[in-house]
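Colleague: Turn this into a structure:
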Amino acid sequence: MTNDFPRSREITSMTAGLPADFRAFHQLHRKAYIDRAMVYLGNHADAEEAVDAAFE
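Modeller: Predicted coordinates for the structure are as follows:
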């Protein structure tokens, strides 16, 4: 999965201890959640932080 924005933290370390099906869901849908959060939050960094906090 490619992303046009730099990651604020290493995602694989965040999800390393989680079940494989959750990690797959996270990988597949993270960008869509961030795109949606950007509509409400107005910038990529805040959207990324909010989505990652929700997944954690």
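Colleague: now the residue lying closest to D35 once chain neighbours are set aside: how far from G17?
Modeller: Using Cβ to Cβ, 6 or more residues apart in numbering and skipping residues adjacent in sequence, the residue nearest D35 is A47, 7.8 Å away. Glycine gets a C-beta too; all of them are placed from N, C-alpha and C. Distance, A47 to G17, using Cβ to Cβ, to the nearest Å: 24 Å.
Colleague: which one of those two has more residues nearby?
Modeller: Neighbour count, other Cβ atoms under 10 Å: between A47 and G17, A47 has more, with 20 against 7.
Colleague: Would you enumerate the residues in contact with that one?
Modeller: By Cβ atoms under 8 Å, 6 or more residues apart in numbering, the residues touching A47 are 34-35, 37-38, 40-41.
Colleague: where does the residue most central in space within the chain fall, phi/psi-wise?
Modeller: What sits nearest the mean C-alpha location of the chain, by Cα atoms, centre = their mean, is R30, with 4.1 Å. When read as degrees, to the nearest 10, the backbone of R30 gives phi -60, psi -50.
Colleague: Surely it is in contact with A37?
Modeller: No - between R30 and A37 there is no contact under Cβ atoms under 8 Å: 10.4 Å.
Colleague: intersection of neighbour lists for those two?
Modeller: V51.
Colleague: If you rank every helix and strand of the chain by mean pLDDT, what lands last?
Modeller: Ranked by mean pLDDT, DSSP states H and E, the weakest helix or strand in the chain is helix 11-15, scoring a mean of 59.
Colleague: Tell me, what's the model's pLDDT at A45?
Modeller: Per-residue pLDDT puts A45 at 96.
Colleague: Q27 too?
Modeller: 89.
Colleague: repeat for S8
Modeller: Looking at S8, its pLDDT reads 49.
Colleague: repeat for F55
Modeller: On the pLDDT scale, F55 gets 86.
Colleague: That one and H29 touch, don't they?
Modeller: No - in this structure F55 lies outside contact range of H29 using Cβ under 8 Å: 9.3 Å.
Colleague: higher neighbour count, these two?
Modeller: Neighbours per residue (other Cβ under 10 Å) separate F55 from H29, with F55 holding more: 16 against 12.
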